[in-house]
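A.B. asks: I'd like to go over a predicted model; first the sequence, then the structure.
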Amino acid sequence: MNKNGMVYLVGAGPGDPELLTLKGEARLKECEAVIYDRLASERLLDIVPKECEKIYVGKEVGSHSFNQEAINRIIIKKALEGKMVVRLKGGDPFVFGRGGEEVLALQKEDIPYEVIPGITSAIAAAAYAGIPVTHRGVSRSFHVITGHIRASDNQLTDNFETLAKLEGTLIFLMGMGNLSLIVKELCKYGKDVNTPAAVISNATIGKQKTVKGTLLTIEEKVLENNIKSPAVIIIGEVAGLNMKAAAKGRLTGKRIGVTGTGQLTDKLSAKLVEHGAYVENLSFLYVNEFENNTELKKAVANLKEYTWIVFTSTNGVDIFFKYLREHHIDYRNLSGLSFAAVGNGTQESLLRHGFIADYIPDTYSTAALANGLLNRYKEGDKVLIPRALRGSRDITDIFSKHFIPFTDIKIYSIEIDNEKYNRVISELTDYDYITFASASGVEGFYENLGEESKIILNKTKMICIGDITAKKLAGYGAANYIIAEEYSVPGIVESILRDAKELY
Ligand code: SAH
């Protein structure tokens, strides 16, 4: 018999991942299964552990969706497998999220659970549009109402006579299909046609659109501006207020995809977010470290045989040193060895482990690295190359040709995360900018995309570091790219800021 698992119903917030609670984040970081649907910001899936089972139970437009009973069964099944389950729900789990039904199902099965509230889109959308849901002297209450039609009789379930008389702010969720009906019913029961109204779609996620008007004009404005679901409808005097911060970030409203992993992309993302952009890491590749690696074990046991270690990636450096630490191999065993690093990032990784690279080529390529080492070669040298499976053959070909003894060991591979891959593909057209920090990053990205996606990408503005990266982009047909003047995070940020400014 399995031990019972535990289920956390976590409110994901309205979309911007930074609006997740600390408690929600903590549970996501340790869960063993996550059950999610489309409204919960899918970006949050990036923080679950690699081994975590990800189960999608949302609706795809026009196709079959899971019914609530089926979802309940999946949650219960995973809990009974003894797993720590996060049921991730958009906004707050209990605000039209059917969280209550899930809790009842768990109670029936005696499965322990905890509900972690989230910021509901009802309030977040208003805030992001500069609308306070209550305001002294203007609105003393707010009412969150479903705008969904009851399928059986094609009637709105609410009593509009009562709603029309409320003086507080009316907030409709799931109401876009019925906007016309909502407006008509409210006016029919006496709501002033000049009451301010606002509609906010895709709130907080960088493609947010807001229109403001009155009950009389709002429908027309929604049509004019092509505002689509998911959207929140706000009706009441507060919708006429504008409390939006005057000092907007210079990249507010821009969606930026960054590619690559590691420190550079983390720093870059943080900077872009500071400027108000909505940033998503588009890497759908992950690092798969090889376990019980006999090649690495052998090489490390015979370190004295080698004179050079060549590192061709940040991952290679980190995995190599992690192996030494985990196997209690003292770093003093490395004394006397020289280190070569392919470029800046790799050099910085070495530095984080306390080592200064003895050689870095002028241009950051494996061929340049191998040729540079040829010039440094001395009789008796032997090179250890701990690196990725399917790495470039430049180094080994050049070394073999010149009879330089080496051991090429594969310590990890780069694999595709299919779930992330599908998500990235489906959202490719949404980005204003996509950044690339290396030629291999470009290659990794494009090589895995279908032909159709490559064509879509040719219209997107690419920001890259260095001519080699730019050449790679051009090779894949990208026409619209900018080369950052400086090879650094501030350099990339600066080129985006400059470009965004010119657009206005
Ligand atoms: N539990 C969720 C609501 C689920 S119902 C919450 O608390 O936010 C789904 C509805 O929420 C959508 O039809 C839309 O009205 C609203 N919604 C959710 N996310 C939204 C967003 N980012 N922008 C605008 N509306 C959103």
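C.D. replies: Yep, it's here.

A.B. asks: what about the residue in the chain that the ligand sits nearest to, how many neighbours?
C.D. replies: With CB to the nearest ligand atom as the measure, residue 91 is the residue of the chain nearest to the ligand, at 1.9 Å. Bear in mind the C-beta positions are built from the backbone N, C-alpha and C, glycine included. The number of residues packed near residue 91 is 29, by other CB atoms under 10 Å.

A.B. asks: one more: residue 291?
C.D. replies: Neighbours of residue 291 (other CB under 10 Å): 5.

A.B. asks: what helix or strand does it sit in?
C.D. replies: Residue 291 is part of no helix or strand, with elements assigned from DSSP states H and E.

A.B. asks: number the residues from 25 up from this point.
C.D. replies: Taking 25 as the first residue, the last one we looked at is residue 315.

A.B. asks: contacting residues around the closest residue to residue 353 other than its chain neighbours?
C.D. replies: Nearest in space to residue 353, with sequence neighbours left out and distances taken as CB to CB, 6 or more residues apart in numbering, is residue 324 at 6.1 Å. The neighbourhood of residue 324, defined by CB atoms under 8 Å, 6 or more residues apart in numbering, consists of 347, 348, 351, 353.

A.B. asks: in a helix, residue 324, correct?
C.D. replies: Yes: Residue 324: assigned to a helix according to DSSP: H, G, I helix; E, B strand; the rest coil.

A.B. asks: got the contact list for residue 193?
C.D. replies: Going by CB under 8 Å, 6+ apart, residue 193 touches 150, 157-158, 163, 165-167, 258-263.

A.B. asks: give me that answer again for 7 Å
C.D. replies: Going by CB atoms under 7 Å, 6 or more residues apart in numbering, residue 193 touches 157, 158, 163, 166, 258, 260, 262.

A.B. asks: the contacts of residue 324 into JSON lines, with extra columns for secondary structure, pLDDT and neighbour count?
C.D. replies: Below are those laid out as JSON lines (DSSP: H, G, I helix; E, B strand; the rest coil; pLDDT from 0 to 100; neighbours: other CB atoms under 10 Å):
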{"residue": "347", "secondary structure": "helix", "pLDDT": "96", "neighbour count": "19"}
{"residue": "348", "secondary structure": "helix", "pLDDT": "96", "neighbour count": "17"}
{"residue": "351", "secondary structure": "coil", "pLDDT": "95", "neighbour count": "11"}
{"residue": "353", "secondary structure": "coil", "pLDDT": "95", "neighbour count": "15"}
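
A.B. asks: now, among those, which is nearest to residue 425?
C.D. replies: residue 347 (29.8 Å; CB to CB).

A.B. asks: the nearest residue to the closest one once chain neighbours are set aside: how many residues sit nearby?
C.D. replies: Spatial nearest neighbour of residue 347, chain neighbours left out: residue 320 (5.9 Å); criterion: CB to CB, 6+ apart. Using other CB under 10 Å, residue 320 has 21 neighbouring residues.

A.B. asks: what does residue 359 show for phi and psi?
C.D. replies: phi -60, psi 140 (degrees, to the nearest 10).

A.B. asks: contact partners for it?
C.D. replies: Contacts of residue 359 (CB under 7 Å, 6+ apart): none.

A.B. asks: if we use 10 Å, what do you get?
C.D. replies: residue 327 (CB atoms under 10 Å, 6 or more residues apart in numbering).

A.B. asks: where does it land on pLDDT?
C.D. replies: Residue 359 is assigned a pLDDT of 93 by the prediction.

A.B. asks: the ligand contacts on the stretch 75-224 of the chain?
C.D. replies: Counting by CB under 6 Å from any ligand atom, the stretch 75-224 of the chain comes close to the ligand at 113-116, 119-121, 144-146, 149, 197-198, 224.

A.B. asks: which of the residues you listed fall in strands?
C.D. replies: 113, 197, 224 (DSSP state E).

A.B. asks: need the residues you listed in CSV (columns: neighbour count).
C.D. replies: Shown next, in CSV, are these (neighbours: other CB atoms under 10 Å):
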residue, neighbour count
113, 27
197, 22
224, 28
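
A.B. asks: for those residues, give me a markdown table that also has distance to residue 232 and pLDDT.
C.D. replies: Formatted as a markdown table, these follow (distance: CB to CB, whole Å; pLDDT from 0 to 100):
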| residue | distance to residue 232 | pLDDT |
| --- | --- | --- |
| 113 | 20 | 94 |
| 197 | 16 | 96 |
| 224 | 7 | 97 |
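
A.B. asks: now stretch 324-338: mean pLDDT?
C.D. replies: If you average the pLDDT over stretch 324-338, you get 95.

A.B. asks: wait, I meant stretch 487-505
C.D. replies: The pLDDT scores in stretch 487-505 average 88.

A.B. asks: what does stretch 258-272 give?
C.D. replies: Throughout stretch 258-272, pLDDT has a mean value of 85.

A.B. asks: just the buried positions in that stretch, please.
C.D. replies: 258, 259, 260, 261, 262, 263, 264, 265 (16 or more other CB atoms under 10 Å).

A.B. asks: of those, which ones also sit close to the ligand?
C.D. replies: Okay, of the buried residues of stretch 258-272, nothing touches the ligand (CB under 6 Å from any ligand atom).

A.B. asks: residue 49: neighbour count?
C.D. replies: Per other CB under 10 Å, the neighbour tally for residue 49 reads 15.

A.B. asks: report the distance from the strand or helix carrying it to the chain centre.
C.D. replies: Secondary structure from DSSP H and E places residue 49 in helix 46-54. Centre-to-centre, helix 46-54 and its host chain are 16 Å apart (CA atoms, centre = their mean, to the nearest Å).

A.B. asks: helix or strand: which one has the nearest residue to residue 203 once chain neighbours are set aside?
C.D. replies: Spatially, and ignoring its direct neighbours in sequence, residue 203 is nearest to residue 243 (5.8 Å; CB to CB, 6+ apart). Assigned by DSSP H and E, residue 243 belongs to helix 242-248.

A.B. asks: I'd like to know which elements that helix is packed against.
C.D. replies: Helix 242-248 sits against helix 203-212, strand 220-225, strand 233-238, strand 255-259, with contacts defined as 3 or more CB pairs under 10 Å, 6 or more residues apart in numbering; DSSP states H and E.

A.B. asks: return it as CSV; C-alpha atoms alone will do.
C.D. replies: The C-alpha trace of helix 242-248 is given here as CSV (Å, rounded to 0.1, in the frame of the first residue of the first chain):
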residue,chain,number,x,y,z
ILE,A,242,-17.4,49.8,-24.4
GLU,A,243,-18.6,47.1,-26.8
GLU,A,244,-17.6,49.2,-29.8
LYS,A,245,-14.2,49.9,-28.3
VAL,A,246,-13.7,46.2,-27.6
LEU,A,247,-14.4,45.4,-31.3
GLU,A,248,-12.3,48.3,-32.6
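
A.B. asks: what comes up buried for that helix?
C.D. replies: 242, 243, 245, 246.

A.B. asks: distance between that helix and the chain's centre?
C.D. replies: Distance, centroid of helix 242-248 to centroid of chain: 31 Å (CA atoms, centre = their mean).

A.B. asks: quick one: mean pLDDT over it.
C.D. replies: So the average pLDDT for helix 242-248 ends up being 96.

A.B. asks: ok, longest strand in the protein?
C.D. replies: Assigned via DSSP E, the chain shows its longest strand as strand 430-440.
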